[in-house]
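**Student:** heads up, no residue letters with this:
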């Protein structure tokens, strides 16, 4: 019987540390820790489900697995934008819960050194519930999302 190679698992975890999948919405750049990302797919037919919050667009069938999809623009109270060929669904897994995040477009996977990641400013804590930290990349800033807060809302 083959055992689990703990050293290999730890090395895999280390290679993902400090790596973020970045995407854009409006003119802002956001990031998600790559540890949570399982895949990126194009927009698909979405089946609406009644009585869900407006930002939950419905469900998709991904190779036989039913996954709810959230329009991140609507979650952030941005205006709805028609989906196009750049629109993507980022499928994430948070502690066994899979959900698709609809974003305007995916840009790249970035490595951000730990010393270039800072906490969000304390200006208005209610306005940045979903921002875990800010990654500084050259002169640009990437808003790193807290996937747990994005998903663990009382409404879902």
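**Tutor:** Arrived safely. As the structure is a computational prediction, the values presented were derived from the model and not from experiment.
**Student:** in stretch 72-91, what's buried?
**Tutor:** 72-76, 83, 87-91 (16 or more other CB atoms under 10 Å). To be clear about C-beta, it is placed using only N, CA and C from the backbone, and glycine gets the same treatment.
**Student:** where do the helices sit along this structure?
**Tutor:** Counting by DSSP state H, the chain has helices at residues 6-16, 72-75, 147-151.
**Student:** what's the shortest one packed up against?
**Tutor:** In terms of contacts (3 or more CB pairs under 8 Å, 6 or more residues apart in numbering; DSSP states H and E), helix 72-75 is packed against strand 97-103.
**Student:** the strand it packs on pairs with which strands, and in what direction?
**Tutor:** In the sheet, strand 97-103 lines up against strand 65-71 (parallel), strand 88-94 (antiparallel) (DSSP bridges).
**Student:** which residue, other than its chain neighbours, is closest to residue 129?
**Tutor:** Excluding its sequence neighbours, the residue lying closest to residue 129 (CB to CB, 6 or more residues apart in numbering) is residue 149, at 5.7 Å.
**Student:** give me the low-pLDDT residue ranges for this structure?
**Tutor:** Residue ranges of the chain with pLDDT under 70: 1-16, 123-128, 152-156.
**Student:** strands of that one, residue ranges please.
**Tutor:** 19-25, 28-33, 37-42, 56-62, 65-71, 88-94, 97-103, 105-111, 117-118, 131-137, 140-145 (DSSP state E).
**Student:** any chance of these in a markdown table with distance to residue 49 as columns?
**Tutor:** Shown next, in a markdown table, are the strands of the chain (distance: least, CB to CB, whole Å):
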| stretch | distance to residue 49 |
| --- | --- |
| strand 19-25 | 23 |
| strand 28-33 | 24 |
| strand 37-42 | 19 |
| strand 56-62 | 5 |
| strand 65-71 | 8 |
| strand 88-94 | 16 |
| strand 97-103 | 13 |
| strand 105-111 | 25 |
| strand 117-118 | 36 |
| strand 131-137 | 28 |
| strand 140-145 | 23 |
